[in-house]
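Undergrad: below are the sequence and a predicted model; questions follow.
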Amino acid sequence: MGIVTYIEQTELAVLFLYSAALGVAFGVFYDVFRILRRAMRGIDRSPVGYAVIFVQDILFFVIAAAVSAIFFYKFNSGRVRLSGVAFMILGFSAYYFTVGRLVMLVADAIISFIAEVLRQIARFLCFVFSPVARFAGFLYCQMQCALRHLLLFVYTKCTLARYNKLLYK
């Protein structure tokens, strides 16, 4: 039983189409990182910014390599075809130089929209949990006051017991 290297033309065409679609998906995934970089404009020239960019690039390439390996395992019995990799690069390039440019043109609007959505979520959570937080603070103060009174009561009882022993020996 040897390695089967024959693949029908329709299967090959489907593999190329899926490879190109996977390249486009990689382009969309990479645009997420590009938008994150644009959102971090203030720190992108600092050592922390360079470290974040390095981690993002490593994360992208590790995920892309894993997904590519799974893709070739699933659709081509684990055999990596150079033409499949070429079509992935072609799909990525087609997305990057067309739709990717449009996405980066509206990236500031996307960042502003996401920031506003997060701000509204934070405002809603503060509204929902504000009474709970105030009530928890009130309970904390009451428990602290009760603990002080208990400690004072115990201290007073112990002190009185000591003085009674001294007075009535």
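TA: It's in. Residues are numbered from 1 along each chain as shown.
Undergrad: the helix or strand Phe127 falls within - contacts with which helices or strands?
TA: Secondary structure assigned from DSSP states H and E places Phe127 in helix 107-167. Applying 3 or more Cβ pairs under 8 Å, 6 or more residues apart in numbering; DSSP states H and E, one finds that helix 107-167 contacts helix 9-39. Quick note: C-beta positions are derived from backbone N, CA and C, even for glycine.
Undergrad: in the very next helix or strand once past the helix it packs on, what counts as buried?
TA: Going down the chain from helix 9-39, the next helix or strand is helix 47-76, by DSSP H and E. Judged by neighbour count using 16 or more other Cβ atoms under 10 Å, the buried positions of helix 47-76 are Val52, Ile53, Gln56, Ala64, Ser68, Phe71, Phe72, Phe75, Asn76.
Undergrad: okay, angle between helix 47-76 and helix 9-39 too, please.
TA: 170 degrees (axes from the mean of the first three to the mean of the last three Cα atoms, to 10 degrees).
Undergrad: so how far is helix 47-76 from its chain's centroid?
TA: Helix 47-76 sits 15 Å away from the centroid of its parent chain (Cα atoms, centre = their mean, to the nearest Å).
Undergrad: what do you get for stretch 88-97?
TA: With Cα atoms, centre = their mean, you get 25 Å for stretch 88-97.
Undergrad: export that stretch as PDB, just CAs?
TA: Only the C-alpha atoms of stretch 88-97 are listed here, as PDB (Å, rounded to 0.1, in the frame of the first residue of the first chain):
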ATOM      1  CA  MET A  88      -3.600  30.800   0.200                       C
ATOM      2  CA  ILE A  89      -1.100  33.500  -0.400                       C
ATOM      3  CA  LEU A  90      -3.100  34.700  -3.500                       C
ATOM      4  CA  GLY A  91      -6.300  34.800  -1.500                       C
ATOM      5  CA  PHE A  92      -4.600  36.700   1.400                       C
ATOM      6  CA  SER A  93      -3.000  39.200  -1.100                       C
ATOM      7  CA  ALA A  94      -6.300  39.700  -2.900                       C
ATOM      8  CA  TYR A  95      -8.000  40.600   0.300                       C
ATOM      9  CA  TYR A  96      -5.100  42.600   1.700                       C
ATOM     10  CA  PHE A  97      -4.800  44.900  -1.300                       C
END
